[in-house]
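>>> Whatever this is, show me its structure:
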Amino acid sequence: METIETPRVGRQSALVRRARRIVGNVLLLLGIGILLWTFVVWRWNDPFTSLYTRWQQHKLVATHALIVEQYAPKHAMPASATPRQEAAAIAKQARRLRAGAETGAPIGRIIVPRLHLNMLFVNGTDHESLKRGPGRDERTYMPGQGELVYIAGHRTTYLAPFSAIDKMRPGDRITLSMPYGTFLYVVTGHRIVDGDDLSVLKSTGREMVALQACHPRFFATHRYIIWAKPVTVKPVNGRPYRPAN
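Residues are numbered from 1 along each chain as shown. Here you go, the predicted model:
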């Protein structure tokens, strides 16, 4: 016997089919939106967190000026000072800044031409500090102390200062401008380590700069680390010299 669908059942079936089409279209649009957003972040970084970091960088300018005034050397080195004496004076000023710097406070400016980077960097690598800009790991040292200076930064959010860290090559320049002097380093190479590898924070007793970011982009399973050695130091009130190491 032929079954005849009642109008009520027919309307219910039509509503179900319509609901399925709507859900399918919504999911399709959502997937396209996610792909587009991923492309935008990959190509131009996250615009919303970038705006926040730009605002934070603007706020840090005044604070940095006060820190420069507080930690800059008050007297010029005598003209007869040797590079060794200059280095000793720099190390003393660096120790003073390291001891007094607060977490999240701006401590200097980092300039990396290869990354088109010119930002204030802060003291600390906790989540809030890195939202302001690149940050120095507080377990490491300040430029001029003759030890490891370890600076971390984001790759996809908060202006993504180290987004193209894997494009850096040996010989590239890194400049750290501190209240007591300007330090020029050149890249010597890179390493990729596990995300929980803390051995890279161990100083070897000679001055090196390490720039670190998550690897690969959008993941945090590993760390991409650029290593650089010092080339010249320009004290605020002294003559440029080449570090001993």
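>>> okay, now the closest residue to Tyr241 other than its chain neighbours: neighbour count?
Spatial nearest neighbour of Tyr241, excluding adjacent residues (Cβ to Cβ, 6 or more residues apart in numbering): Pro83 at 3.9 Å. Every C-beta, even on glycine, is put in place using the N, C-alpha and C of the backbone. For Pro83, the neighbour count with other Cβ atoms under 10 Å is 15.
>>> Surely Pro83 and Arg242 touch.
Yes: at 7.2 Å, Pro83 counts as touching Arg242 under the criterion of Cβ atoms under 8 Å.
>>> Quick check: the residue at minimal distance from the centre of the chain vs Arg206, distance?
Closest to where the C-alpha atoms of the chain average out (Cα atoms, centre = their mean) is Gly153, at 1.8 Å. According to Cβ to Cβ, to the nearest Å, Gly153 stands 23 Å off from Arg206.
>>> can you pull out the helices in this protein?
Assigned by DSSP state H, the helices in the chain fall at 7-44, 47-71, 83-100, 127-130.
>>> Show the average pLDDT along the first one.
Going back to what we said before, that points to helix 7-44. For helix 7-44, mean pLDDT is 61.
>>> quick one, what contacts the nearest residue in space to Arg109 that is not next to it in sequence?
Of all residues not flanking Arg109 in the chain, Ser177 sits nearest, at 4.3 Å (Cβ to Cβ, 6+ apart). Counting by Cβ atoms under 8 Å, 6 or more residues apart in numbering, Ser177 makes contact with 108-111, 183.
>>> switch to 10 Å and redo it
Contact analysis of Ser177 by Cβ atoms under 10 Å, 6 or more residues apart in numbering lists 68, 108-111, 118, 120-121, 143, 183-184, 234, 236.
>>> now it, which residues is it bridged with?
With DSSP bridges as the criterion, Ser177 is bridged to Arg109, Thr182.
>>> distance of it from Pro243?
Relative to Pro243, and taking Cβ to Cβ, Ser177 is found at 16 Å.
>>> ok, now Leu198?
26 Å.
>>> Looking at the two, which one has more neighbours?
Between Leu198 and Pro243, counted using other Cβ under 10 Å, Pro243 has the larger neighbour count: 19 against 9.
>>> distance of Gln145 from Lys59?
Taking Cβ to Cβ, one finds Gln145 at 28 Å from Lys59.
>>> no no, Glu147
30 Å.
>>> Among these two, which residue is more densely surrounded?
Glu147 (19 against 13).
>>> pretty sure the more buried one is touching Pro243, no?
No: using Cβ atoms under 10 Å, Glu147 is not in contact with Pro243, being 12.0 Å away.
>>> Mutual contacts of those two, please.
Residues touching both Glu147 and Pro243 by Cβ under 10 Å, 6+ apart: 206-207.
>>> quick one, what contacts the residue nearest to the centre of the chain?
110, 112, 115, 117, 119, 121, 125, 130, 133-135, 159-163, 165, 211-214 are the contacts of Gly153 under Cβ under 10 Å, 6+ apart.
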